[in-house]
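# Provided below for reference: sequence and predicted model.
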Amino acid sequence: MNKVKILIFAVIIVIIISTTFALTNYDTQTNEIGITALLAKQRADEIAHDWNQNATLISLYTYSNMIDNGTYSNWRFSYVVTEFFVQDEGGPLTTDYNTPCLNVLLFSDGRNISITESGRYVWQVISDFQIDSDQAYQIAITNNTINSFVLEKNTESPGYQMLNLSGNVTWEIEFYRNSQREVQISILIDAMTGEIMSVNRYD
């Protein structure tokens, strides 16, 4: 193998390592691994489709501590089956009262806890999204209002990050004012385009 081939091989290895760390991050302080929402969703979707081929994602969020730049130690997913969908006249899309729902708590190290329950759920189909949790976080902290709050409170860690429906599928990121989880400021970001939809501060 000549020097050129060795150099090319070395560059490829660096790119692979860099890409991996862009998706999962290791916190040397807590020995925890962080994972982005899209990477976690790939595994959660596999679990859900093993449960039912028609499983549809209706909820994605995390309350866990942020490890680094929009990566977390775990994500929570909820899935229902589309055949149970009903339309109330003048009301939101819902499921019937005996809809089976699969809840998946997926940890970044690959472990998961899956629980099936039955109930009635507001029908929020989470379609495919382009903006991952780390990208949404970067968009959030570059916003002037969010950035001012981060500097004021000396914290870069949001308390809550979720996907929801607000016309479009959006990222909602909330920053707390104290350890009692009182929301101080929140931001909505379009999960397809990265556009900031709104920023709200609660003083």
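That came through, no problem.
# Which residue ranges of this protein form helices?
Under the criterion DSSP state H, the chain carries helices at the ranges 3-23, 37-51, 133-141, 144-153.
# Among these, show the one with the smallest mean pLDDT.
The minimum mean pLDDT among the helices of the chain belongs to helix 3-23 (a mean of 34).
# and residue 62, how many neighbours?
23 (other Cβ atoms under 10 Å). Any C-beta I mention is one placed from the backbone N, CA and C, and that applies to glycine too.
# Let me know whether it touches residue 76 as I believe.
Yes: under the criterion of Cβ atoms under 8 Å, residue 62 makes contact with residue 76 at 6.4 Å.
# Mutual contacts of these two, please.
Common neighbours of residue 62 and residue 76, counting by Cβ atoms under 8 Å, 6 or more residues apart in numbering, are absent.
# could you list every residue that touches the nearest residue to residue 43 once chain neighbours are set aside?
The spatial neighbour of residue 43 that comes closest, neighbours along the chain excluded (Cβ to Cβ, 6 or more residues apart in numbering), is residue 106 at 5.9 Å. The contact partners of residue 106, by Cβ under 8 Å, 6+ apart, come to 40, 43-44, 47, 74-77, 112.
# and with 7 Å instead?
By Cβ atoms under 7 Å, 6 or more residues apart in numbering, the contact set of residue 106 is 40, 43-44, 74-75, 77, 112.
# And residue 37, by the same measure?
Each residue near residue 37 by Cβ under 7 Å, 6+ apart is listed here: 60, 75, 132-133.
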